[in-house]
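>>> Just the structure for this:
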Amino acid sequence: MKIFLDSDVLLDLLLGREPFLEDIKWILEFSLDNKYKLYTSSLVIANIHYLISKTLNTTHAFDKVDKLLSFIKILNVGESEIKRSISSKFRDFEDGIQNFSALNSNMKIIITRNIKDFKHSKLSILTPKEFLVKYKK
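Numbers count the residues shown, from 1 in each chain. Okay, the predicted model is just below:
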């Protein structure tokens, strides 16, 4: 199974944000056991770097991005995803890009804490907690 992780859950992991940290750690642990593969987009990586560099500093941001690369695959964002987001019903342009990146790469699930932002998605949109309830066996 291929799963797309949105920036909010990745930032929870990288910045140790409570009370969300434990759920994303479980998801990561299951993926390391090869139960599924984790993906995100190049846009998410750029946003994560920007936010962490503003919160901490650039060195920490690069270290955190490098850490991500050890367990997550990066999907490229291209013209197709951008055009589809522009013409979609997504209110948030970036969320539309994430959705179409996942959709174009045959993902079935997006894990995010911002469920309402993905109400126009054809994919299964789950919070980390919802994912664990459904798939943790």
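>>> My guess is residue 113 contacts residue 9. True?
Yes - Residue 113 lies in contact with residue 9 (Cβ atoms under 8 Å); the separation is 6.3 Å. The way it works is simple: take the backbone N, C-alpha and C, and place the C-beta from them, glycine included.
>>> joint contacts of the two?
20, 128 (Cβ atoms under 8 Å, 6 or more residues apart in numbering).
>>> which stretches of the protein form strands?
2-5, 37-41, 73-75, 109-111, 124-126 (DSSP state E).
>>> Can you add mean neighbour count and mean pLDDT and give those strands back as a markdown table?
Output for these, formatted as a markdown table (neighbours: other Cβ atoms under 10 Å; pLDDT from 0 to 100):
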| stretch | mean neighbour count | mean pLDDT |
| --- | --- | --- |
| strand 2-5 | 23 | 96 |
| strand 37-41 | 20 | 96 |
| strand 73-75 | 17 | 97 |
| strand 109-111 | 24 | 98 |
| strand 124-126 | 19 | 97 |
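>>> Make JSON lines out of those strands and add distance to residue 20.
Output for the strands of the chain, formatted as JSON lines (distance: least, Cβ to Cβ, whole Å):
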{"stretch": "strand 2-5", "distance to residue 20": "12"}
{"stretch": "strand 37-41", "distance to residue 20": "16"}
{"stretch": "strand 73-75", "distance to residue 20": "22"}
{"stretch": "strand 109-111", "distance to residue 20": "11"}
{"stretch": "strand 124-126", "distance to residue 20": "14"}
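>>> Minimum distance to residue 102: which of those strands has it?
strand 2-5 (3.9 Å; Cβ to Cβ).
>>> elements contacting the closest one?
helix 21-32, strand 37-41, helix 93-104, strand 109-111 (3 or more Cβ pairs under 8 Å, 6 or more residues apart in numbering; DSSP states H and E).
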